[in-house]
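Q: Here is a sequence together with a model predicted from it:
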Amino acid sequence: MEMHIGDRVADVTLVNKDGNKVELTIDGKPIEVDIVMAENGSCSILHNGNSYNAELIRGEGGKNYDVNMFYRSYHVDVVDTQAKYLRMRKNNDERQSDKIVAPMPGKVVSIPVSVGDKLNAGDIAIVLEAMKMQSNYKVTSDCTVKNILVAEGDAVQDNQTLIELELSNNE
């Protein structure tokens with residue numbers, strides 16, 4: 001998942017969680033920590049023999065936090081796959097592109113369309129899984145499936161073209 005920590009954007013992936021022991025990668029670098037959460041939003045973190053205490057204050061909607069440590073404070077925004085996709089779509093002025101592109105690395109779960117299928121705005125074109133969460137990717141305008149460049153079960157990369165579309169003339 002993408003996390004915005006102050007002005008920094010980090011790619012964070014949960015690799016394994018076993019009790020308090022958490023393995024993750026931050027921008028591809030493996031990290032192992034031991035985290036104990038208290039009921040009041042405080043947590044104790046052990047990393048490389050060092051102990052850290054942090055207070056987590058959850059924002060509205062649960063996708064952002066203020067993190068207070070000994071002499072530092074950070075604002076953290078968690079950007080999940082759906083939010084990232086919606087942001088990318090909004091940046092494209094809500095107009096359907098002639099292709100569907102993976103917003104982040106993941107796996108193709110389902111492709112409920114075939115080449116030549118006519119799709120209406122709102123139809124699901126592909127289902128991806130990223131970070132153990134499935135997301136339906138829908139077309140925003142009427143179109144026809146021109147080419148499918150992936151298969152169910154394929155691993156996909158960030159910004160990889162998945163499906164090429166031919167937009168209807170009324171666009």
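A: Perfect, I can see it now.

Q: residues touching Thr54, list them.
A: You called it Thr, but residue 54 is Ala. Taking C-beta atoms under 8 Å, 6 or more residues apart in numbering, we find Ala54 in contact with 42-43, 45, 67-69. (Each C-beta comes from the backbone N, C-alpha and C, glycine too.)

Q: what is it paired to in the beta sheet?
A: With DSSP bridges applied, Ala54 shows beta-bridge pairing to Cys43.

Q: Determine which two of the contacts of Ala54 are furthest apart.
A: Ile45 and Asn68 (13.2 Å; C-beta to C-beta).

Q: low-scoring stretches of this structure, by residue?
A: Scanning the chain with the threshold set as pLDDT under 70 gives 61-62, 80-95, 170-171.

Q: That one: helices as residue ranges?
A: 81-91 (DSSP state H).

Q: Asp7: how many residues sit nearby?
A: By the criterion of other C-beta atoms under 10 Å, Asp7 has 6 neighbours.

Q: Okay, it and His75: tell me how far apart.
A: Distance from Asp7 to His75, counting by C-beta to C-beta, to the nearest Å: 10 Å.

Q: I'd like the contacts of Ala54 written out as a markdown table, with neighbour count and distance to Ala121 added.
A: What follows is those, written out as a markdown table (neighbours: other C-beta atoms under 10 Å; distance: C-beta to C-beta, whole Å):
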| residue | neighbour count | distance to Ala121 |
| --- | --- | --- |
| Ser42 | 13 | 47 |
| Cys43 | 15 | 44 |
| Ile45 | 17 | 46 |
| Val67 | 16 | 40 |
| Asn68 | 16 | 45 |
| Met69 | 12 | 46 |
